[in-house]
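> Would you be able to build a 3D model of this:
(2 chains)
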Amino acid sequence: MITIKVIFFASFKELLDCAQLELSLDEGTNIQDLCLVLSNKGGRWEGLFEQANKNVKVACNQSMAELSTLLSEGDEVAFFPPVTGG
Amino acid sequence: MARLKVSVNKQIIISKESLDLGKLNSEIQASEGQNGASVIFTGCVRVSQQEQGLTGMTLEHYPGMTESLLDEILTEAGQRWQLDRILVAHRVGYLSPGETIVLVGTCGLHRKEAFESAEFIMDYLKNKATFWKKEHYSKQGNCEEVWVESKQSDTDTLERWQG
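Purely as a prediction, here's the structure:
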């Protein structure tokens, strides 16, 4: 098993009423699998992660990541909407 | 475009306090004196939007990732254009209408480098840097909060710099 930290920003943090959580996952889990785990929490989680689309951005260890990105012990995964700074 | 191997003085500021525009401008202009050309862009919370009930804005960001993304953008600008100095300052936290959200300053030997690089930095910042805006409105006595949605027109600006 691996333990990772998952964090949420902006509208996602408010929608889920969650800033961050820790999860224990099987080794070999990728970000798509993680989305399924989050979706299985039901309710708004399911609505956001059931079909993660281009409006769901994801970073792993503070670099933009793909659904196929493999997760490792201690990783920090962040989910957030498209950016709107400047 | 030829890649230039010159070192550029990069500065990134992410601030919870109001930006000190006088200080930032004079830092850029001190460099302009040495080099010849500088461009300073600033963007602010629109006062005109108060007519729609806007009372302010909150800027959230991803500490750590924001700085590294901005550093990547400034490094790329320093490779594309011959610049002496680049400065990006961005607010986070609560801002009132009229307050400056972002300042980009570039300085080099010629205006073309300074203008183009400032525009490049703003285009990439708006599309890549991990900031999010929430607008606060007061409508008929009710407070509303709206997360700003990204615009396709901003995404389209990147095409100019790619390929």
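> Got phi/psi on B:Gly64?
phi 100, psi -60 (degrees, to the nearest 10).
> my guess is it contacts A:Gln62, does it?
Yes: judged on C-beta atoms under 8 Å, B:Gly64 makes contact with A:Gln62 at a distance of 5.4 Å. Any C-beta I mention is one placed from the backbone N, CA and C, and that applies to glycine too.
> Look at these two and report which has more neighbours.
A:Gln62 (17 against 12; other C-beta atoms under 10 Å in any protein chain shown).
> Return the distance of that one relative to A:Ile7.
According to C-beta to C-beta, to the nearest Å, A:Gln62 and A:Ile7 sit 10 Å apart.
> residues in contact with stretch B:153-163?
If you take C-beta atoms under 8 Å, 6 or more residues apart in numbering or on different chains as the criterion, stretch B:153-163 is touched by B:Phe120, B:Asp123, B:Tyr124, B:Lys126, B:Asn127.
> go again using 10 Å as the cut-off
Among residues not part of stretch B:153-163, those counted as contacts by C-beta atoms under 10 Å, 6 or more residues apart in numbering or on different chains are A:82-84, A:86, B:1, B:76-77, B:80, B:116, B:119-120, B:122-124, B:126-128, B:151.
> Give me the buried subset of those residues.
By neighbour count, with 16 or more other C-beta atoms under 10 Å in any protein chain shown, these hold A:82-84, A:86, B:76-77, B:80, B:116, B:119-120, B:122-124, B:126-128 as buried.
> Which single one of those residues is nearest to A:Asn40?
A:Pro82 (24.9 Å; C-beta to C-beta).
> Got phi/psi on the residue nearest to that closest one when sequence neighbours are not counted?
Leaving aside its sequence neighbours, A:Pro82 sits nearest to B:Ser150 (C-beta to C-beta, 6 or more residues apart in numbering or on different chains; 3.7 Å). Dihedral angles of B:Ser150 (phi, psi; degrees, to the nearest 10) stand at phi -70, psi 150.
> residue contacts, B:Ser150?
B:Ser150 makes contact with A:Asn55, A:Lys57, A:Pro81, A:Pro82, A:Val83, A:Thr84, B:Lys126, B:Asn127, B:Trp132, B:Lys133, according to C-beta under 10 Å, 6+ apart.
> what's the average pLDDT for the particular helix or strand that has B:Ile86 in it?
Taking DSSP states H and E as the definition, B:Ile86 sits inside strand B:83-91. Averaged across strand B:83-91, pLDDT comes to 96.
> Now do that strand: distance to the chain's middle.
Strand B:83-91 sits 8 Å away from the centroid of its parent chain (C-alpha atoms, centre = their mean, to the nearest Å).
> hmm, the next helix or strand after it in reach of chain A?
Per DSSP H and E, the first helix or strand lying C-terminal to strand B:83-91 is strand B:93-95. No: against chain A, strand B:93-95 shows no contacts by C-beta under 10 Å from any C-beta of the partner chain, the least distance being 11.9 Å.
> Fine by me, we can end here.
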